[in-house]
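K.L.:
Using only what follows, build the 3D model:
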Amino acid sequence: MVVNSCALFRPLRRRGFSIPELLVVLVIICLLTTTAVLAYGSFRKGSFTKSGAEKVKAAITQARTRAIASGRPSSVLFDLDNNLIWIDDVDLAGNVRVPKVIPPEDLADDVIMTELRIGSSTFVSGRERAIFRPDGTNPFVTVHLRRSFDDSTVDKSYYSVQIYPTSGEAKVWPYVRR
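P.N.:
Modelled structure (predicted):
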């Protein structure tokens, strides 16, 4: 058997990727990266607004619980101009008995309260108080929140917080003005 010595010393043929193959891979990577960045942006957008809505819900729930536990009315003060909320203990006439028992809390970054409904009244500025009574009754309260730079005409920019007078249950509704 004769072995060809040229075949033994011939360099192995290397195979690489062609330009079209590399371009297809780069296009796929760009599409996946763009999709991930857009999804993350939407996630962050919702998370800040949701955080603000959860703070409002917690304050409302805490004021109602304080009123029932102490046997005295409690209230949440909504400062719509500065986007602050806090809890005051009030007397039966609604006058502040102990101010800021829960200190003022700012909402999440760039989150604003755009509208507040207490009972049948609607407010878009100023300071307004929702009073919670010791017997567990409270007015129907709705707070609409969105980020300051989001489009105010698009309902999906909003989170709504509501407390129902019959059950006292507070709920956060994402992406809607209810």
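K.L.:
check contacts around the most centrally placed residue in the chain.
P.N.:
Nearest to the mean C-alpha position of the chain, counting by C-alpha atoms, centre = their mean, stands residue 50 at 1.4 Å. For residue 50, the contacting residues are 159, 172, 174, by C-beta atoms under 8 Å, 6 or more residues apart in numbering. For the C-beta atoms, the positions are set from N, CA and C on the backbone; glycine is no exception.
K.L.:
quick one: which of those residues sit in strands?
P.N.:
When DSSP state E is applied, the contacts of residue 50 are split such that 159, 172, 174 fall in strands.
K.L.:
Quick one: these as TSV, columns for distance to residue 99, pLDDT and neighbour count too.
P.N.:
Conversion of these to TSV gives the following (distance: C-beta to C-beta, whole Å; pLDDT from 0 to 100; neighbours: other C-beta atoms under 10 Å):
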residue	distance to residue 99	pLDDT	neighbour count
159	28	91	27
172	27	92	17
174	33	89	12
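K.L.:
downstream neighbour of the helix or strand hosting the residue nearest to the centre of the chain in the secondary structure list?
P.N.:
Counting by DSSP states H and E, the secondary-structure element that holds residue 50 is helix 19-70. The helix or strand immediately downstream of helix 19-70 is strand 74-79, counting by DSSP H and E.
K.L.:
Return the set of buried residues in that next one.
P.N.:
When neighbours are counted by 16 or more other C-beta atoms under 10 Å, the buried residues of strand 74-79 are found to be 74, 75, 76, 77, 78, 79.
K.L.:
which secondary structure elements does it contact?
P.N.:
The elements that strand 74-79 packs onto, with contact taken as 3 or more C-beta pairs under 8 Å, 6 or more residues apart in numbering; DSSP states H and E, are helix 19-70, strand 84-90, strand 127-132.
K.L.:
Indicate which one of the ones you listed is closest to residue 141.
P.N.:
Using C-beta to C-beta as the criterion, the shortest distance between residue 141 and the helices and strands packed on strand 74-79 is 4.8 Å, found for strand 127-132.
K.L.:
which strands and helices sit next to the closest one?
P.N.:
Under the contact criterion of 3+ C-beta pairs under 8 Å, 6+ apart, strand 127-132 touches helix 19-70, strand 74-79, strand 84-90, strand 111-118.
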